[in-house]
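# Here is my input, please return the structure:
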Amino acid sequence: MKNFELARLFYEIASLLEVRDESRFRIRAWQRAAQTLETLTEDVTAVAAIRQGFPVYIFSGTADPIHANLAWLDKLVARYTEVGLDVTTRYHAEGRHEMLNETNRDDVVADLVAWLERVVPNKSPGPK
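As a prediction, the model looks like this:
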C-alpha cells in the first residue's frame, strides 16, 4: 500500500469516527497521521524493513482516554511482537495522556532512561 492510499484510508477512518460522534482527539489523530503520510518522501512500507529484535518502548498512563483502557495499546504491542520487535511496556497507574508532564514525571523519565541504558550499547571510549 502506498502512502497516499494509506492516507486516504486514514481520512476515511477519521470521517467515520466523526459520523459516530467519537472523540475529536481521536478524529484529529487519524487526520494528522494521514497528513504525515502525505508529506513523507519515503514509502511507508519501508517500516517493514525494521530488523528483528529491534527494541521498542511503549509507555502510557492507564487513565489515558485515547487508548480505550489499554485495548489499542495491547493490539499495537501484539502486532509489534508478532513481527519480531522486542517490545517493552510500562503503564503508569492513573496517568493520563501526557506522561512527560504528569506529577510523576520523574518516575516516568527514570523508567525510560533505565530502559535506554539497557538497550543502547555504551560505545563511548570512556574518559581520556
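# Tell me which helix or strand Ile27 sits in.
helix 24-39 (DSSP states H and E).
# same for that helix, what does it pack against?
Applying 3 or more C-beta pairs under 8 Å, 6 or more residues apart in numbering; DSSP states H and E, we find helix 24-39 packed against helix 3-19. In this view, the C-beta of every residue, glycine as well, is placed from N, C-alpha and C.
# Contacts made by the helix holding Ile27 with the rest, please.
With contacts defined as C-beta atoms under 8 Å, 6 or more residues apart in numbering, helix 24-39 is touched by 3-4, 6-8, 10-11, 13-14, 17-18, 44, 65-66.
# Mind doing that once more with 7 Å?
The contact list for helix 24-39, computed with C-beta atoms under 7 Å, 6 or more residues apart in numbering, reads 3-4, 6-7, 10-11, 13-14, 17-18, 44, 66.
# and it, how far from the chain's centre?
Taking C-alpha atoms, centre = their mean, to the nearest Å, the mean C-alpha location of helix 24-39 is offset from the chain mean by 14 Å.
# That one versus helix 3-19: what angle between them?
170 degrees (axes from the mean of the first three to the mean of the last three C-alpha atoms, to 10 degrees).
# For helix 24-39, give the mean pLDDT please.
Here helix 24-39 scores 93 as its mean pLDDT.
# So for that helix, what gets flagged as buried?
Residues of helix 24-39 classed as buried by neighbour count (16 or more other C-beta atoms under 10 Å): 26-27, 29-31, 33-34, 37.
# Redo those as CSV? Include distance to Ile58.
CSV is the format used below for the buried residues of helix 24-39 (distance: C-beta to C-beta, whole Å):
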residue, distance to Ile58
Arg26, 18
Ile27, 22
Ala29, 16
Trp30, 19
Gln31, 22
Ala33, 17
Ala34, 22
Leu37, 21
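# quick one: which two of the contacts of helix 24-39 are the most distant?
Longest distance between any two of the contacts of helix 24-39 is 25.7 Å, between Phe4 and Ile66; criterion C-beta to C-beta.
# secondary structure class for Ala63?
Three-state assignment for Ala63 (DSSP: H, G, I helix; E, B strand; the rest coil): coil.
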